[in-house]
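1. What follows is a protein structure lacking sequence information:
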């Protein structure tokens, strides 16, 4: 079963449109949702959570249409948004008391274990938390009610490198259970390259690709050539390019056709930056 299935999804606003988006997240896997600010990542997450209505298309979450009886499905979803929203004057202990009446499967002991693990004081009010502490509290809550799917919107933003590493390890451990899956959006591409099984890339409301990470790393390469030799490469083979005073770096799919040119492996960040350059994507 797929944890998420999105088919031909569309949503239009006055100055932005999400156009015909389709992707699937297999159960037990982690998908990274990548794109620049305004690419449509948060809109996609809101549509998945049914907090805004789609114009058309289909969304299935944990095997169920998200437009039908979604309240029950939400019990199985842990969500962390790019901003944590709790009443300012509640403490960690009081937030626990609130959440245990919000989720049928709330695990109080697990929640307090996470607070201790993250060094979050139980008696400090939410208003006084740093951004990093707020994100950690949200992650603790998302992982304390037996969720099968985590949906994380910039969940590692505001965290220092050591804290991010700690959180990524928790996410990885979460999906060791074959029934657990994660959709995570982030601007920190190195985190996603390290963590994810699949990468879905949105650019200006369009889907450029949704692929297995290992397949992307295997299939793409950066070809190096002079600006003069760039003219010899068929335009349809060029997926992205970067010009400098020293020549051209060209994103291609690996091929024997270009064996006369030096090539390097393309990382995920190379792929998305070159594909998104103006006039290429």
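-> On my side now, so go ahead. From a predicted model like this one, the values you see are computed outputs, not experimental measurements.
2. so residue 241, which of the three states?
-> Following DSSP: H, G, I helix; E, B strand; the rest coil, the label given to residue 241 is strand.
3. List the contacts of it.
-> 230, 248, 249, 250, 251, 274, 277, 280 (CB atoms under 8 Å, 6 or more residues apart in numbering). For glycine as for every other residue, the C-beta is placed from the backbone atoms N, C-alpha and C.
4. out of those residues, who's nearest residue 265?
-> Closest approach to residue 265 among the contacts of residue 241 (CB to CB): residue 251, at 11.5 Å.
5. Just to be sure, which of the contacts of residue 241 are found in helices?
-> In helices, defined here by DSSP state H, the members of those are 230, 274.
6. which one among the contacts of residue 241 gets closest to residue 221?
-> For the contacts of residue 241, the residue nearest residue 221 by CB to CB is residue 251; the value is 7.8 Å.
7. what is the spatially closest residue to residue 123 that is not a sequence neighbour paired to in the beta sheet?
-> Leaving aside its sequence neighbours, residue 123 sits nearest to residue 91 (CB to CB, 6 or more residues apart in numbering; 5.1 Å). Per DSSP bridges, the residues bridged to residue 91 are residue 125.
8. What is the neighbour count of residue 91?
-> A count of nearby residues for residue 91, using other CB atoms under 10 Å, gives 16.
9. Settle this for me: it is touching residue 128, isn't it.
-> No: if you go by CB atoms under 8 Å, residue 91 and residue 128 don't touch, sitting 9.7 Å apart.
10. on that earlier part again, just give me the least confident of the contacts of residue 241.
-> Scanning the contacts of residue 241 for pLDDT, the low point is residue 280. It has 46.
11. Quick check: phi and psi on the residue of the chain most remote from its centre?
-> Most distant residue from the mean C-alpha position of the chain: residue 228, 38.6 Å away (CA atoms, centre = their mean). Phi and psi for residue 228, reported as degrees, to the nearest 10, are phi -70, psi -50.
12. and it, what pLDDT?
-> 93.
13. ditto for residue 244
-> 90.
14. quick one: it and residue 226, what's the gap?
-> 11 Å (CB to CB, to the nearest Å).
15. So those two - more neighbours on which side?
-> Neighbours per residue (other CB under 10 Å) separate residue 244 from residue 226, with residue 226 holding more: 12 against 8.
16. Ends of stretch 106-122, what's the gap?
-> With CA to CA, to the nearest Å as the measure, the first residue of stretch 106-122 is 17 Å from its last.
17. An error on my part: the question was meant for stretch 178-189.
-> Start and end residues of stretch 178-189 are separated by 25 Å (CA to CA).
18. This protein - how does it break down into domains?
-> Using automatic domain parsing, the domain ranges for the chain come out as 2-215, 216-276.
19. just the ones you listed: most buried one?
-> Ranked by mean neighbour count, the domains of the chain are led by domain 2-215 with a mean of 17 (mean count of other CB atoms under 10 Å).
20. Ends of that domain, what's the gap?
-> End-to-end distance for domain 2-215, by CA to CA: 19 Å.
21. Give me the mean pLDDT for that domain.
-> Mean pLDDT, domain 2-215: 94.
22. how much distance is there from that domain to the middle of the chain?
-> On the basis of CA atoms, centre = their mean, to the nearest Å, domain 2-215 sits 8 Å off its chain's mean C-alpha point.
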